[in-house]
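# no letters, just coordinates:
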């Protein structure tokens, strides 16, 4: 869990993934044949094999805020990077890439029930003038929400479990696979939260036969939530559908058989909103047979995202069993 | 040049006239020219040195406009918009219809004839019509057909000082700057790309990008300025007279950070005015260029423009000159940015 803790606490707002990708390189460089970064910053890790070309992706980026205006009194206006909810953002602590901290506040006349929006919110970074603020941060600088990593019973709580869980699962898989027939490309993608950009570009250049993305999914097991047949602790979720993709039935069945044969706890995901890299990989270029594995997470896109350790382990196990295959479904 | 370019009509999907004009002006400066199946224009200018990376400049040739959807029995033209135009800026505009550019006006019931309640409402484009002076369908059909393009009719006019009003400032400024910069020779190979159908969802540039597969692209655009009455300062987006706008992020793309810092550094070194956009709305060709060809480092440099997507867009000549200086500086120095990038990798 130490590695997971470290991964969640690194800042990596969409398009600012350099620090997280360098950290990943350090973890995997002795466990692959080659790795490289492309123009967008995607990290591609190759474990060569003679079989079909498989692309397995997990996005490295997380949601955050971008400073876009500093007023005369040193308050910072901002835009969201990725899907940040105004109410979730309110009164959160944020940290800029250079360590400067701030609180997200709202113009006090705002009617919180009706009219809260980013344009009437600001970040207080403790500066008392424009020049003092500009000495600390520049326009365009990004911040993440603070959200420490903690283990609570059989669960972990942190910011950025979306999608450092996927990143963690890929790193562990890369380390565990020693000889593979399949030609395995692992993609640590950029800019998923702002429109699947990294996966779109990367799958265009890699041209895989089969693509699988590993990301998080919502659950339906908390008080007063929308009905959804996913529970924390019930295993890795094999995606059937979300707003970005309907997965390939043959690949989905193959993953399900692999899970059953190896007694890996699994469930099936139908998500009525949101999407993932799989959506981009399925249709880019001349297309790929596409599937997705998801790790159930409660309170997605908040600083207290919560996941079950056993689901994470199930995901890694299923990925490893999949990567060990010397054939792909008939 | 801006006068000629903005007064040419090229509603998205109908860019032939402007493409012909650009070809006639700058073909002599290119080492290779491609006009593709969609109508995109690509001019390759070979550099003085060999470079491993491909540099591309993009500007779109198309503009927002209208298209004829029907002719009424009494000879009026019904229309739809091509690209996004606010219904409110259409009323009582002068337009030019079809290839022969027949003059017309977008009509509305006279104020005397409107009920009190009617005067308070915004009239939708579905309820508007174009009057080209005919009184029967038969007459009108001799000159106009369904599918004919209709352009806003709005001559280029100098305002006080260095400001000017025109239609299609978005994105003839990008075209004009690229045409001027093609006269010079640069160290690196540069692809000058004039795209079509940006206003319809960046359709041209996606095809262009897959053909060229650039490593570094600079998009030259016009962007919203809202430094006008009744807008609080932190929602200004951009301001006229404060120089070209270097992109941070918008709805379509997040500009490459290293390239942004390189451009900002150059502007500071050369004393070129620049600004950032304070809001994150809108999108441009960057969105597809960034991902369509396997991944490309992208930024956009834009001219601040008030009342964009209307016939009375207003921009500043000083901003235009600074934008040209900045883009020229980037092209002259881009080699050092690329080398730095490859060292890091």
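Everything's here; your move. Note that this is a predicted model, so its numbers are computed, not measured.

# what about residue B:88, distance to residue B:310?
Residue B:88 is 9 Å from residue B:310, where distance means CB to CB, to the nearest Å. C-beta here means a position set from N, CA and C on the backbone, and glycine is covered the same way.

# who's more crowded, these two?
It is residue B:310, of residue B:88 and residue B:310, that has more neighbours when counted by other CB atoms under 10 Å in any protein chain shown, with 20 against 11.

# with the flanking residues excluded, which residue is spatially nearest to the residue in the stretch 51-200 of chain B that chain A sits nearest to?
Using CB to the nearest CB, the closest approach of the stretch 51-200 of chain B to chain A is made by residue B:53 at 9.0 Å. Residue nearest to residue B:53 in three dimensions, not counting chain neighbours: residue B:215, with 4.0 Å by CB to CB, 6 or more residues apart in numbering or on different chains.

# what does stretch A:87-94 contact?
The set of residues external to stretch A:87-94 that reach it, using CB atoms under 8 Å, 6 or more residues apart in numbering or on different chains, is A:64-65, A:80, A:101-106, A:116, A:118, A:121, A:123, A:143-146, A:301-303.

# can you give me the strands for the stretch 51-200 of chain B?
Here the stretch 51-200 of chain B has its strands, by DSSP state E, counting those that start in this stretch, at B:55-60, B:65-71, B:77-82, B:94-97, B:102-107, B:129-131, B:149-152, B:157-158, B:163-166, B:190-195.

# quick one: buried residues of the longest one?
So the one you mean is strand B:65-71. B:65-68, B:71 (16 or more other CB atoms under 10 Å in any protein chain shown).

# residue nearest the centroid of chain B?
residue B:171 (2.0 Å; CA atoms, centre = their mean).

# what residues are up against that residue?
Here residue B:171 is in contact with B:59-61, B:63, B:198, B:220-222 (criterion: CB under 8 Å, 6+ apart).

# what does residue B:46 give?
Counting by CB under 8 Å, 6+ apart, the residues that residue B:46 touches are B:31, B:189.

# mind checking pLDDT for it?
Looking at residue B:46, its pLDDT is 93.

# what strands flank the longest strand that chain A contains, and is each parallel or antiparallel?
The single longest strand within chain A, with elements called by DSSP state E, is strand A:289-298. Strand A:289-298 sits in its sheet next to strand A:210-217 (parallel), strand A:236-241 (antiparallel), strand A:305-308 (antiparallel), going by DSSP bridges.

# how is chain A carved up into domains?
A:2-62+A:159-324, A:64-145 (automatic domain parsing).

# what's the answer for chain B, then?
If you go by automatic domain parsing, chain B breaks into B:2-63+B:167-344, B:65-152.

# which residues touch residue B:293?
Per CB under 8 Å, 6+ apart, neighbours of residue B:293: A:201, A:204, B:209-210, B:212-214.

# among those, name the buried ones.
Buried by 16+ other CB under 10 Å: A:201, A:204, B:209, B:212-214, out of these.

# can you pull out the strands in the stretch 1-150 of chain A?
A:34-37, A:43-47, A:53-59, A:64-70, A:76-81, A:93-96, A:101-106, A:121-124, A:142-145, A:150-152.

# in a markdown table, list these along with distance to residue B:162.
Listed next are those as a markdown table, based on distance: least, CB to CB, whole Å:
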| stretch | distance to residue B:162 |
| --- | --- |
| strand A:34-37 | 44 |
| strand A:43-47 | 47 |
| strand A:53-59 | 46 |
| strand A:64-70 | 26 |
| strand A:76-81 | 29 |
| strand A:93-96 | 38 |
| strand A:101-106 | 39 |
| strand A:121-124 | 34 |
| strand A:142-145 | 35 |
| strand A:150-152 | 59 |
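
# what residues does the stretch 201-330 of chain A have near chain B?
With CB under 8 Å from any CB of the partner chain as the criterion, the stretch 201-330 of chain A meets chain B at residues A:201-202, A:204-205.

# what about residue 39, neighbour count?
Assuming you mean chain A. Look at residue A:39: counted by other CB under 10 Å, it has 24 neighbours.

# the intended chain is chain B.
Residue B:39: 21 neighbours (other CB under 10 Å).

# and it, how far is that from residue B:198?
12 Å.

# who touches both of those two?
residue B:204.

# identify the residues contacting residue B:27.
Here residue B:27 is in contact with B:33, B:43 (CB under 8 Å, 6+ apart).

# how about TSV for the strands of the stretch 1-150 of chain A, with distance to residue B:318 and mean pLDDT added?
TSV is the format used below for those (distance: least, CB to CB, whole Å; pLDDT from 0 to 100):
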stretch	distance to residue B:318	mean pLDDT
strand A:34-37	40	97
strand A:43-47	43	98
strand A:53-59	42	97
strand A:64-70	23	95
strand A:76-81	26	96
strand A:93-96	33	98
strand A:101-106	36	98
strand A:121-124	31	98
strand A:142-145	31	97
strand A:150-152	55	97
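
# what's the closest of the ones you listed to residue B:241?
Of all the strands of the stretch 1-150 of chain A, strand A:64-70 sits nearest to residue B:241, with 17.9 Å by CB to CB.

# ok, that closest one near chain B or not?
Yes: for strand A:64-70, a contact with chain B is found by CB under 8 Å from any CB, at A:66, A:68-69.

# what's the closest of these to residue A:292?
Using CB to CB, the residues of strand A:64-70 next to chain B come closest to residue A:292 at residue A:66, 28.4 Å.

# for the closest one, what are its contacts?
Contacts for residue A:66 (CB under 8 Å, 6+ apart) come out as A:13, A:78-81, A:140-143, B:248-249, B:280.

# what's the closest of the residues you listed to residue B:301?
residue B:248 (12.2 Å).

# how close does that closest one get to residue B:325?
With distances taken as CB to CB, residue B:248 is found 21 Å from residue B:325.

# more neighbours, these two?
Just comparing residue B:248 and residue B:325: by other CB under 10 Å the higher neighbour count belongs to residue B:248, 24 against 19.

# what's near enough to touch the more buried one?
A:66, A:68, A:139-140, B:254-255, B:260, B:276-277, B:280.

# could those go into a markdown table alongside distance to residue A:230?
Output for these, formatted as a markdown table (distance: CB to CB, whole Å):
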| residue | distance to residue A:230 |
| --- | --- |
| A:66 | 32 |
| A:68 | 36 |
| A:139 | 40 |
| A:140 | 37 |
| B:254 | 30 |
| B:255 | 36 |
| B:260 | 40 |
| B:276 | 41 |
| B:277 | 40 |
| B:280 | 32 |
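
# the residue nearest to the centre of chain B and residue A:78, how far apart?
Using CB to CB, one gets 28 Å for the distance from residue B:171 to residue A:78.

# most packed of the strands of the stretch 1-150 of chain A?
strand A:53-59 (a mean of 27; mean count of other CB atoms under 10 Å in any protein chain shown).

# gap between the residue nearest to residue A:303 when sequence neighbours are not counted and residue A:81?
Among residues not flanking residue A:303 along the chain, residue A:147 sits closest, at 3.0 Å (CB to CB, 6+ apart). Residue A:147 sits 16 Å away from residue A:81, going by CB to CB.

# how about the helices in the chain?
This is for chain A. Assigned helices in chain A, in chain order: A:2-9, A:18-28, A:86-89, A:130-136, A:161-176, A:197-206, A:249-261, A:277-283, A:309-324 (criterion: DSSP state H).

# oops, wrong one, chain B.
B:2-7, B:16-26, B:116-120, B:137-141, B:169-181, B:203-212, B:257-269, B:286-292, B:317-344.
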